[in-house]
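Enquirer: coordinates only, sequence not included:
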């Protein structure tokens with residue numbers, strides 16, 4: 001008797017309504033296929049490859065094993081949704097494209113982030129025209145993660161700043177400077193009104209020219225002097241990025257020397273190392289995550305994974321603050337993708353605290369109204385050259401931003417506010433106001 005092709009069976013292709021969705025992590029993919037290629041077979045092959053089987057049946061992959069541990073193909077949607085072969089118009093390299101949702105049993109993964117990556121991306125990332133768009137996490141999976149220890153409310157409590165957008169500055173030059181030089185720049189920016197000052201992603205841990213303990217002591221002394229002047233608290237996000245075996249020691253060096261925040265290059269240390277730091281009870285300060293290398297995963301429209309997936313993973317693993325790129329400055333993020341990322345940091349995610357979205361890359365005072373319209377008040381404005389490149393000095397550069405923020409909080413147009421602020425006037429004259437004369441031409445990259 002002729003047997004049904006197992007790729008078409010309801011065991012591998014159940015209805016959503018026939019699954020226990022609390023037992024599945026669901027990957028949503030964009031997949032390209034040849035015109036004559038069967039999308040159902042392609043989807044089932046992807047799922048089998050990432051769970052119980054291989055390219056050919058193996059003896060111990062029984063129906064009982066598949067029922068418990070094989071992937072479940074939940075949906076396949078062709079884009080556009082062709083149902084008549086004569087209408088098919090192939091526009092990209094002769095391919096048809098599908099959005100495919102595949103469920104992976106939680107039992108295969110539990111709370112093991114490396115296995116999650118191996119399962120939902122893994123070998124299939126070598127295929128052309130396959131991009132992971134999203135992961136839906138069931139509550140039983142997410143409940144095993146602490147997530148951000150502080151989140152937005154905790155960061156605001158440390159700073160004593162509860163309503164307005166927060167201001168960040170990164171010390172420039174990025175690396176190669178001594179602790180005393182960094183502390184001088186730190187003080188100027190902090191005294192001007194910066195809330196959080198971070199190391200650049202390019203200086204982490206101990207450097208021969210800038211030891212970690214010396215950097216923390218010098219910058220925290222500068223922070224305390226600035227705090228006395230401005231009557232506010234300054235947070236220092238010290239970059240502890242290093243080999244995983246040194247991360248805990250680096251974090252404790254920061255804390256033991258009075259530091260009040262740590263920073264990591266998330267993709268350099270890995271998601272599990274981030275989680276290790278966040279869930280360690282000895283680490284009693286917030287974690288700021290930098291997104292460098294993120295684009296290697298995300299920027300291709302047909303390969304890799306979306307930045308929304310990255311945002312979900314870093315929130316699960318404990319980033320209190322995470323950097324994402326807006327479309328206005330040096331980088332070319334799409335507007336919809338940027339807004340999706342902002343939403344992903346803050347929207348309800350079971351019981352996980354929201355992360356504070358951190359936008360950076362060519363931020364100038366003339367962009368403050370735009371960011372507030374996009375993000376509301378719960379946003380950290382990441383400014384480097386917009387403060388240190390101010391013609392009146394970094395303290396003036398910081399003041400320009402605080403005047404702009406206060407103006408927006410009180411519905412005062414920036415040009416009106418600038419009449420009483422030479423610092424903001426200089427910034428506007430140099431870099432403009434978005435929507436008037438602000439332009440990508442400001443940036444060299």
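Expert: Yes, it's here. Keep in mind that what you see is a predicted model, and the values were worked out from it rather than measured.

Enquirer: neighbours around residue 219, how many?
Expert: By other C-beta atoms under 10 Å, the residues close to residue 219 number 27. All C-beta atoms are positioned from the backbone trio N, CA, C, and that covers glycine.

Enquirer: List the contacts of it.
Expert: 179, 182-183, 186, 197, 236, 238 (C-beta atoms under 8 Å, 6 or more residues apart in numbering).

Enquirer: Out of those, flag the one nearest to residue 4.
Expert: Nearest to residue 4 among these is residue 238, at 60.6 Å by C-beta to C-beta.

Enquirer: Tell me the spacing between the residue nearest in space to the middle of the chain and residue 30.
Expert: The residue lying closest to the centre of the chain (C-alpha atoms, centre = their mean) is residue 311, at 4.0 Å. As judged by C-beta to C-beta, to the nearest Å, residue 311 and residue 30 stand 18 Å apart.

Enquirer: got it, and residue 405?
Expert: 39 Å.

Enquirer: which SS state does residue 185 fall under?
Expert: Secondary structure, DSSP: H, G, I helix; E, B strand; the rest coil: residue 185 is helix.

Enquirer: So it sits against residue 178, correct?
Expert: No - using C-beta atoms under 8 Å, residue 185 is not in contact with residue 178; the gap is 11.2 Å.

Enquirer: neighbour-wise, which of the two wins?
Expert: residue 185 (21 against 15).

Enquirer: show me what contacts the closest residue to the more buried one other than its chain neighbours?
Expert: Nearest residue to residue 185, sequence neighbours excluded (C-beta to C-beta, 6 or more residues apart in numbering): residue 171, at 5.4 Å. Residue 171 sits next to 177, 182, 185-186, 189, 197-200 when contact means C-beta under 8 Å, 6+ apart.

Enquirer: same thing with residue 245?
Expert: Counted by C-beta under 8 Å, 6+ apart, residue 245 has zero contacts.

Enquirer: in what helix or strand does it lie?
Expert: helix 244-256 (DSSP states H and E).

Enquirer: any idea of the pLDDT on the closest residue to the residue nearest to the centre of the chain other than its chain neighbours?
Expert: For residue 311, ignoring the flanking residues on the chain, the nearest one in space by C-beta to C-beta, 6+ apart is residue 344 at 4.1 Å. We have a pLDDT of 98 for residue 344.

Enquirer: Neighbours of residue 344, how many?
Expert: Neighbours around residue 344, by other C-beta under 10 Å: 24.

Enquirer: That one in helix, strand or coil?
Expert: helix.

Enquirer: Next, count neighbours for residue 127.
Expert: So residue 127, with other C-beta under 10 Å, has 15 neighbours.

Enquirer: same deal with the one 5 residues further on?
Expert: Residues lying near residue 132 (other C-beta under 10 Å) number 21.

Enquirer: So it lies in a strand, does it not?
Expert: Yes - assigned with three-state DSSP, residue 132 falls within a strand.

Enquirer: wouldn't it be in contact with residue 120 here?
Expert: Yes - the pair residue 132 and residue 120 passes the contact test of C-beta under 8 Å, sitting 6.5 Å apart.

Enquirer: what is in contact with the two at once?
Expert: residue 27.

Enquirer: Go ahead and confirm residue 153 touches residue 346.
Expert: No - the pair residue 153 / residue 346 is not scored as a contact, 11.4 Å apart, by C-beta under 8 Å.

Enquirer: Name the residue in the two with the higher neighbour count.
Expert: More crowded of residue 153 and residue 346, by other C-beta under 10 Å: residue 346, with 19 against 13.

Enquirer: Check the gap between residue 222 and residue 239 for me.
Expert: Taking C-beta to C-beta, one finds residue 222 at 16 Å from residue 239.

Enquirer: Same check on residue 312?
Expert: Counting by C-beta to C-beta, the gap from residue 312 to residue 239 is 24 Å.

Enquirer: Would you mind telling me which of those two has more residues around it?
Expert: Just comparing residue 312 and residue 239: by other C-beta under 10 Å the higher neighbour count belongs to residue 239, 26 against 20.
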